[in-house]
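In: After the sequence you'll find the predicted model.
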Amino acid sequence: MTSEYAVSEFTFNVQQRDSIKARLVLANIDEYQQEVQRRLLFELSKTEDYFAILILCSLFQNRGDLFRLYPGLENIFVTKAKDNPEFILGKLKPDTSDLRGYLWIAGKLEMQSAVGYLEDLLFRVRDPHTIVTIIEALGNIGTVNNSKVLAEFLLFDDKRISEAAVKSLVRIGTPFSLDYLFAVLGRDEQLDFIILEMFAEIADEHVLKRLNTLLGSRNPFLRNQAADKLARVGAPAVPWLLQNVGSGDSDLLIQSLNILARIGDDRAVRPIMKLISSYPEDPNVRFAAYEALGSLPVEKSAYLLAQGFLDSEESVRLAVAKAVDYNYNSRLASGIANMLRDEDMAPKIVHALVNAQAAQSFLALAEDEIFWDLARQYINNRAHPAIRDFFVNLLQDRGKQEAANSLQSFAGKDADSLPRICSVDDSRMVLEAYRSNLYELGFEPVLFTSPRDALNWLQEEKPDLLFTDLNMPEFDGIELIRNVRSIYSEKDLPVVLVTSQGEGDSGEEAYNAGADEILMKPFNSEDLQGILNNLLALRE
């Protein structure tokens, strides 16, 4: 039908009480000129209420998308239905023609009186589209007689229905409705993701408490998703995370410290400094604590950070170096300069600051003869070329050309000729530990903070071995291993899951997914050498 005849045709159909033909004219409204669209909406607004509702319900049943494209249609529908609630209620029956239109407008009007009708219809209709519309209407109304009515649809095989139930229970938002959602977590990852995404938008005390509880889940997907959502919530989540800092559960402590680092709220400084002063037995906790302080302003207590260089673990000292550099001041400089006079400690401090690319500290200490001699020797003979380039550029930018030239006489290995090892971890400090250790062992590290980026690279490139962390924000290491195994067999590419102690059933899951070995954190050069000797020797 051409635009010029649309208005006259619609007017004639209304006069003849022909709702089907009138609906057909409106169904093509997106094809008409704007002036014609306006005239059609005007004629529709003048139409007698009951008849207009019949037309609009039929239109919704067949072209529901038009109500999103043309707000005028929705406005007229709402106006007509609002003045005739009893008429709408009378149509909420299984055998009503164009039932979905009546269901939709009942939800749009938030008709409390319709709740009983809608709950009854849920168990009397079979069409999935209609069930979804009922569930959405109940969510819009925001009240149900019993949240269990909707909860029964959470695990439907039809994803449209289960997702609609999730969204409606979240909209209702009572503790009972949210508890039903928490109860089904862990059964379907797609549904879990939707539930937790919506919880992050609510972020009330009830939700935050539950998300915090999930940090202790044995399910890696739930654990990582909860961590991601708490980090996104930000400041309101901090009090819950600080409660965890006093926990004796190492895994929960590490997760909480990592999230606090991502949030960057200075309320975390004092509790973390108190934790460090107690010298936790688990080096993974010490690493996570110092790594968190690498993004937090320690200020008055910054001088205490230097004591971390006394830690026996190389990876912890690396995190200390980053925290020191972030909070560098004159008191710290003086303390570190004194520590460099200890012949045993000096190389450990220098190596940590160099591998952490601690620019501020490096420039300040470069005037110290002991530091400079050790740093130059390490950079020129053992450090990865990327580290050397970083400090050469740093010195050149500061006008220290002579010092930069002294780092040009590189005596190390040619990275391009080395076998490649891919390492994936969301912690940059862990990746720096991989880089320094793997390079010294004779391998070229290929590093990724994003498992998704790593997977894209692995689609095109095949390294000699892959290390992957377990807990990462995008998706966990087990999921990465599953994806990698769809590309490479165990014979083609050995894969190692790297994790801390006590993370539930992750070890068994990792082996089932295709991991060859599991490496516990913290690792050092000897640990990596053992893994490489074992797995790469099997391929020779």
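Out: Ah, there it is. Numbers count the residues shown, from 1 in each chain.
In: now stretch 160-180: how far from the chain's centre is it?
Out: Offset of stretch 160-180 from its chain centre (Cα atoms, centre = their mean, to the nearest Å): 21 Å.
In: And the contacts of it?
Out: 128-129, 131-132, 135-136, 138-140, 142-144, 147-148, 150-151, 153-156, 181, 188, 191, 194-195, 198-199, 202, 206-207, 210 (Cβ atoms under 8 Å, 6 or more residues apart in numbering). In short, each C-beta sits where N, CA and C put it, glycine included.
In: residues in contact with Thr322?
Out: I think there's a mix-up here, since residue 322 is Lys and not Thr. Tyr290, Glu291, Gly294, Ala356, Ala358, Met429.
In: Identify each buried residue in the lowest-mean-pLDDT helix or strand in the chain, please.
Out: Every helix and strand of the chain was ranked by mean pLDDT, DSSP states H and E. The lowest is helix 506-513, at a mean of 83. Residues of helix 506-513 classed as buried by neighbour count (16 or more other Cβ atoms under 10 Å): Ser506, Glu509, Ala510, Ala513.
In: What of stretch 342-357?
Out: Ala346, Lys348, Ile349, Val350, His351, Ala352, Leu353, Val354, Asn355, Ala356, Gln357.
In: How is the third one assigned, secondary-structure-wise?
Out: Read that as Ile349. Classification of Ile349 by DSSP: H, G, I helix; E, B strand; the rest coil places it in helix.
In: Now do it against Met111, distance only.
Out: Applying Cβ to Cβ, to the nearest Å, the value for Ile349 to Met111 is 71 Å.
In: gap between the two ends of stretch 433-446?
Out: 12 Å (Cα to Cα, to the nearest Å).
In: Can you pull out the low-pLDDT segments for this protein?
Out: 1-4, 409-415, 501-505, 538-540 (pLDDT under 70).
In: Using the record's assignment, carve it into domains.
Out: Here the domain parsing of the chain from automatic domain parsing is 199-297, 306-412, 415-537.
In: possible to save the ones you listed as CSV with distance to Ile29?
Out: Formatted as CSV, the domains of the chain follow (distance: least, Cβ to Cβ, whole Å):
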stretch, distance to Ile29
domain 199-297, 33
domain 306-412, 59
domain 415-537, 42
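In: Which of the ones you listed sits closest to Leu41?
Out: domain 199-297 (33.5 Å; Cβ to Cβ).
In: Closest one of the buried residues of stretch 342-357 to Pro236?
Out: Nearest member of the buried residues of stretch 342-357 to Pro236, counting by Cβ to Cβ, is Ala356, at 31.5 Å.
In: Ignoring the adjacent residues along the chain, who's closest to that closest one?
Out: Ala321 (3.7 Å; Cβ to Cβ, 6 or more residues apart in numbering).
In: For Arg286, list the residues it contacts.
Out: Arg286 neighbours (Cβ under 8 Å, 6+ apart): Ile276, Tyr279, Pro280, Gly308, Asp311, Glu313, Val316, Ala319.
In: Pull out the buried residues from stretch 477-494.
Out: Of all the residues in stretch 477-494, those buried under the rule 16+ other Cβ under 10 Å are Gly477, Ile478, Glu479, Leu480, Ile481, Arg482, Asn483, Val484, Arg485, Tyr488, Leu493, Pro494.
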